[in-house]
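# How does the following fold in three dimensions:
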Amino acid sequence: MGQRFTASRRNRWVLLGVSAVLVVATCATVRFFWDPAEANAQAPRPTQTKAPVAVASKTADGKPAVRQSTIPNVVALVNNQPITKAELGKNCLKRYGSEILESIINKQLIQQECQRRGITVTDKEIGEEIEKMAKRFGLPVDQWMKMLEEERDIAPAQYGRDIVWPTLALKKLAADKLTPTKEEIQEAYDMQFGPARQVRMIICDMQADAVKVHKLCLEKPEEFAKIAIEHSKDYNSASSGGLVQPIRKHMGDKRIEAAVFALAPGQISDIIPVGNQHAIIKCERHIDSRPVKFELVEANLVEAIKDTKLRKASTEVFTAMQKRAKITNVLNNAELKAQFPGIAAYINDQKILIAEIEEECMIRHGKKVLESMIARRLLEQAVSAANIVVTQEDIHRELGQAAKSFEMFDAQGNPDIPKFLEMVTKEQDMPAEMYIDQSVWPGVALTKLVATQVQVTDEDVQKGFDANYGERVRCRAIVCANQRRAREVWEMARRKPTVENFAALAEQYSDDPTSRALRGEIPPIARHGGRELVEKEAFRLQPGELSSVIQVDDKWVILLCEGRTKPIGVKIEDVVEEIRTEIFDKKLQLAMGQKYGELKDDATIDNILAGTTHTPVKAKGAAPGAAGGPVGVGPQQPPRTSRAQPGTNIPPAR
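The predicted structure is shown next:
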């Protein structure tokens, strides 16, 4: 029991760091050396994109000049209280400053090298590159641009400036390293169009096991698929009788390829060492080369090889540039920051200003960071109105509980808060100060706002005890996506209500992959688990009895009772405190979600940066938290909003 509740409380602290509203999600840094496919897959088209100007341009008198800002001085109003550009810039700089500075330094080095070697990238070349990528994915450029801007939140100008331009520039800088040889082009042709072998494969971890399995395969070659299902350690291929994708030349392990192409159909290979494992292969059939003329695809093959070579070549070129350059990173050095205020870095004695980094951070990540700031501001207003103060002692206590839940203790047996912060901030990829500010503080604030409203009754405790320690119903289940199919399956089960028949029906008709794969087996059903109709029906059944068709959300469920488990021999008085703690935590989670929903519903929010407005929800009879998203979320996690950013990790409501 204690382990169950420890795990539950631990989940609470895991949830603490992944709120879409209060915690900024970790996003991929825009750099110059993406894998070409990844970079090109993010390609909106710029309206007019030029090669990037120097990060710190200069005025007529030679002093650094910051480019004109596109961010308004007030970026949001929360109940008429402003959030300023300066506040947003400060938060963006904390969260993304280092990676944006790295990106700008990289881009600046590339530009300086291009200038030194007389290399230019034109608007026309950038446009052609984007059109080529859009065509590769089968979309018109405007649709491609719109889709990727919405999904990746990368503006057209940013895409051209931060992805396409560096990629094309590096291609030109590394041009002498990208030209493929005749042998490489031929290998690429063979990989796509050459002969192939359809095979089945068995993977064994131990040499001794491989010897036994190999002997069995030689004795019963017609049962190779069955032997793969029973013995192969590669579960993906084992599930299909060892069948793998056709093997072509130059695509993988040379020993595997050599063995495969030496086999006639029906032949079984020797045992082939592959890393720390051992492979046994049976050739099913030979696949002839595809009748594609080499000259028709040669240009595409050459381009694909260049893309493959680009990553390695660009790294080599950039490493050489770094060795020649003199780079001083001021932003990440406290001593240098005090000595050179307002400076983020020097590249060959050229300044990069902190104001430039802030501006770029806001352009790339401002909307995301602002969402978390709006949520924080709502909570600040709420605790102020309720005369609640979140103290450093509260924060310390919360962090201590978090460390304790992960069983992190120092030499004196106290919760090891530094160790916990090191772990969670590494996972969240953000400074500890920001994690506390945007995750821990809001969690404490929400808890203080609702904790006095949460009560655990004796009835709650009894239900919790029954759910965890009471008897359960052992059932098999079939899940159908529509009612008509469910009734048809139910009728087939009623005609022959045996476990074997029901299992066969589940394997054939269940629309739930898990119950289908397990022939209808599901975990025993407990009371008070949150599915009232299913529980009520399950506990009504006798062994061997078939349930009615039960609607659960948009699915229909059929149960076959196989019996009941015995209650666990634990007295309620021995676990009552743990049960109360668990129930309190769950009710607290629900209350916190509802409270945040109410705050958001009742707020007037003008997100000037995103161009959105939210007015108070006054719909008669609306449930608390209705506009705030699901309320059954974990502590420290206000509900998902309609503008939650792509890529954030939001656990399902529990």
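# can we go C-alpha only for contacts and neighbour counts from here?
OK.
# any chance you could map the helices in the stretch 1-150 of the chain?
Ranges of helices in the stretch 1-150 of the chain, per DSSP state H, counting those that start in this stretch, are 2-16, 36-40, 85-117, 123-136, 141-152.
# By mean pLDDT, flag the weakest helix or strand of the chain.
Least confident helix or strand, the chain: helix 36-40 with a mean of 31, by mean pLDDT, DSSP states H and E.
# Can you tell me which of the helices of the stretch 1-150 of the chain is most buried?
helix 85-117 (a mean of 19; mean count of other CA atoms under 10 Å).
# that older thread, dump the helices of the stretch 1-150 of the chain to CSV, plus distance to residue 315.
Listed next are the helices of the stretch 1-150 of the chain as CSV, based on distance: least, CA to CA, whole Å:
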stretch, distance to residue 315
helix 2-16, 36
helix 36-40, 13
helix 85-117, 11
helix 123-136, 21
helix 141-152, 25
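# Out of these, the one nearest residue 508 is which?
Of all these, helix 2-16 sits nearest to residue 508, with 35.1 Å by CA to CA.
# picking that back up, going by mean pLDDT, which of the helices of the stretch 1-150 of the chain comes out lowest?
Mean pLDDT is lowest for helix 36-40 among these, at a mean of 31.
# give me the element residue 214 is part of.
Assigned by DSSP states H and E, residue 214 falls within helix 207-219.
# now the angle from the strand or helix carrying residue 307 to helix 85-117?
Assessed by DSSP H and E, residue 307 sits inside helix 294-324. Relative orientation of helix 294-324 and helix 85-117, computed by axes from the mean of the first three to the mean of the last three CA atoms, to 10 degrees: 110 degrees.
# Quick one: distance of helix 294-324 to the chain centre.
29 Å (CA atoms, centre = their mean, to the nearest Å).
# what does the domain assignment say about the chain?
1-23+390-470+570-654, 36-72+84-175+313-364, 195-287, 471-564 (automatic domain parsing).
# out of the ones you listed, which comes closest to residue 372?
That would be, of the domains of the chain and by CA to CA, domain 1-23+390-470+570-654, which comes in at 4.3 Å.
# which residues sit against stretch 73-87?
By CA atoms under 8 Å, 6 or more residues apart in numbering, the residues outside stretch 73-87 that reach it are 71-72, 88, 374, 377-378, 603-609.
# circling back: residue 230: which of the helices of the stretch 1-150 of the chain is closest?
Short answer: helix 2-16, nearest of those by CA to CA, at 34.0 Å.
# so what's residue 548 closest to, chain neighbours aside?
residue 558 (6.5 Å; CA to CA, 6 or more residues apart in numbering).
# Go ahead and confirm that neighbour touches residue 551.
No. If you go by CA atoms under 8 Å, residue 558 and residue 551 don't touch, sitting 9.1 Å apart.
# can you list the contacts of stretch 73-87 in a markdown table and add secondary structure and distance to residue 515?
Formatted as a markdown table, the contacts of stretch 73-87 follow (DSSP: H, G, I helix; E, B strand; the rest coil; distance: CA to CA, whole Å):
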| residue | secondary structure | distance to residue 515 |
| --- | --- | --- |
| 71 | coil | 53 |
| 72 | coil | 54 |
| 88 | helix | 49 |
| 374 | helix | 43 |
| 377 | helix | 46 |
| 378 | helix | 44 |
| 603 | coil | 44 |
| 604 | coil | 46 |
| 605 | strand | 45 |
| 606 | strand | 47 |
| 607 | strand | 46 |
| 608 | coil | 48 |
| 609 | coil | 47 |
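# quick one on the thing from earlier: and the helix holding residue 307, what's its mean pLDDT?
Here the average pLDDT along helix 294-324 is 85.
# continuing past that helix, what's the next helix or strand?
Counting by DSSP H and E, what follows helix 294-324 is strand 327-329.
# Parallel or antiparallel, list what pairs with that next one.
strand 343-347 (antiparallel) (DSSP bridges).
# picking up where we left off before, and residue 181, which of the domains of the chain is closest to it?
domain 36-72+84-175+313-364 (13.6 Å).
# before we move on, the earlier item: so between residue 558 and residue 551, which is more surrounded?
residue 558 (28 against 17; other CA atoms under 10 Å).
# For the more buried one, give its distance to residue 519.
13 Å (CA to CA, to the nearest Å).
# Between which two of the contacts of stretch 73-87 is the distance greatest?
Longest span within the contacts of stretch 73-87, CA to CA: 71 and 603, 23.7 Å.
# List the residues that contact the closest residue to residue 326 other than its chain neighbours.
For residue 326, ignoring the flanking residues on the chain, the nearest one in space by CA to CA, 6+ apart is residue 348 at 4.9 Å. Contacts for residue 348 (CA under 8 Å, 6+ apart) come out as 325-327.
# Tell me the spacing between residue 348 and residue 320.
15 Å.
# what does residue 261 give?
With CA to CA as the criterion, residue 261 and residue 320 are 42 Å apart.
# neighbour count winner among the two?
Counting neighbours by other CA under 10 Å for residue 261 and for residue 320 shows that residue 261 has the greater number, 16 against 11.
# So the nearest residue to the more buried one once chain neighbours are set aside, which state does it fall into?
Nearest non-adjacent residue to residue 261, counting by CA to CA, 6+ apart: residue 197, 7.0 Å away. Of the three states, residue 197 takes strand according to DSSP: H, G, I helix; E, B strand; the rest coil.
# before we move on, what about residue 569?
Per three-state DSSP, residue 569 ends up coil.
# What are the phi and psi values at it?
Main-chain dihedrals, residue 569, degrees, to the nearest 10: phi -80, psi 70.
# looking at it, residue 100 is touching residue 354, isn't it?
No. If you go by CA under 8 Å, residue 100 and residue 354 don't touch, sitting 10.7 Å apart.
# Spatially, what comes nearest to residue 95 if we skip its sequence neighbours?
Nearest to residue 95 is residue 430, by CA to CA, 6+ apart, at 6.0 Å.
# Tell me, how many residues neighbour that neighbour?
Counted with other CA under 10 Å, residue 430 comes out at 18.
# pretty sure it contacts residue 98?
No. Using CA under 8 Å, residue 430 is not in contact with residue 98; the gap is 10.5 Å.
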